[in-house]
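Colleague: structure for the following, please:
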Amino acid sequence: MEADTNIITHWLLNVAIAIAIFFIGRMVVKWIVKLIRKLMIRNDLDPILVNFIAAIANAVLLLFVVVAALDHLGVDTTSMVALVGAAGLAIGLALQGSLQNFAAGVMMIVFRPFKLGDFIEAGGVVGVVEQVSIFSTVMKTGDNREIIIPNGQIYAGAITNYSARDTRRIDMVFGIGYDDDMLKAKKIMEDILAAHDLVLEEPAPAVAVAELADSSVNFNVRPWVNSGDYWGVRSNLIEQIKLTFDKEGISIPYPQMDVHTDK
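Modeller: Prediction:
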């Protein structure tokens, strides 16, 4: 009878210690996760990454606490750890695509090739970045469509960030006829660029002969503008140059085909 009492007392003591390990361990885990979160915020990491890493750290540390508590109760935790590992491997193999997107999302959040509000071309889509999450990125196109792109698809290819620099160069080509006054046409384009309020003085705009093509003399016209003014200025310059050429009698050739038939 005394032996049974000792066994029950020992078992109850172990249960009490295991419960203490669990609750004290949970408090320690909470403190560690809070410390990790503070360190990441202090290092200016993205809030998405902070929350995700904190959640992972919390789950892993709690797992260690649970294993320690069960081990004190005499449970064989070796097989349990092996089972968790096997389950993790199986889940990883089943979610290879998701894990790839997750890894790409972490890389993008850490290295920041773009930020919210940037106008970019990535993953075969051109648009404004509206949201970056761990697994996907949400972009809004120019015609107001919302497109969700897996992060793996974005990070695996080239990313063009049109908003990364304050200024952009507009590259345009204008052709005039061989019978037209080349110097006059060049002066017209230079004057239009110089008079435009949104064309920057530095770097200076450039107008230069590009090539003597089959049916036209082509000019490269390259003004610099603020990035936000790019599309508006480009359209306006094309319109102004075309209208001024028409007014001054300078032609803009278009491809023609002569067809000869045998009688």
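
Colleague: tally of neighbours for Gly25?
Modeller: For Gly25, the neighbour count with other CB atoms under 10 Å is 17. C-betas here are computed from N, CA, C, even on glycine.

Colleague: helix, strand or coil for it?
Modeller: Classification of Gly25 using DSSP: H, G, I helix; E, B strand; the rest coil returns helix.

Colleague: just checking, it touches Leu70?
Modeller: No: taking CB atoms under 8 Å as the definition, Gly25 is not a contact partner of Leu70, at 11.7 Å.

Colleague: just the helices in the stretch 151-263 of the chain please.
Modeller: 151-155, 182-195, 230-248 (DSSP state H, counting those that start in this stretch).

Colleague: could you identify which of those is most buried?
Modeller: helix 151-155 (a mean of 22; mean count of other CB atoms under 10 Å).

Colleague: just the C-alphas of it, formatted as PDB.
Modeller: Provided in PDB are the C-alpha atoms of helix 151-155 (Å, rounded to 0.1, in the frame of the first residue of the first chain):
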ATOM      1  CA  ASN A 151       6.300  35.800 -55.500                       C
ATOM      2  CA  GLY A 152       8.300  32.900 -57.000                       C
ATOM      3  CA  GLN A 153       7.300  34.100 -60.500                       C
ATOM      4  CA  ILE A 154       8.400  37.600 -59.700                       C
ATOM      5  CA  TYR A 155      11.700  36.800 -58.100                       C
END
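
Colleague: who touches it?
Modeller: Under the contact criterion CB atoms under 8 Å, 6 or more residues apart in numbering, helix 151-155 has outside partners 97, 100-105, 107-108, 122-124, 134-137.

Colleague: selection in ChimeraX covering whichever of those residues are buried, please.
Modeller: To isolate the buried ones among those in ChimeraX, judged by 16 or more other CB atoms under 10 Å, type:
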select :100,101,102,104,105,108,122,123,134,135,136,137
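
Colleague: out of the contacts of helix 151-155, which are inside helices?
Modeller: 97, 100-105, 107-108 (DSSP state H).

Colleague: which one among those sits at the bottom for pLDDT?
Modeller: Least confident of the ones in helices among the contacts of helix 151-155 in the model: Gly97, at 56.

Colleague: about what we covered before: quick one: which of the contacts of helix 151-155 is nearest Met189?
Modeller: Ala122 (33.9 Å; CB to CB).

Colleague: which residues touch the closest one?
Modeller: Residues in contact with Ala122 (CB under 8 Å, 6+ apart) are 114, 137, 149, 154, 157-160.

Colleague: repeat for Ala164
Modeller: Ala164 makes contact with 114, 118, according to CB under 8 Å, 6+ apart.

Colleague: that one and Arg112, how far apart?
Modeller: Ala164 sits 10 Å away from Arg112, taking CB to CB, to the nearest Å as the criterion.
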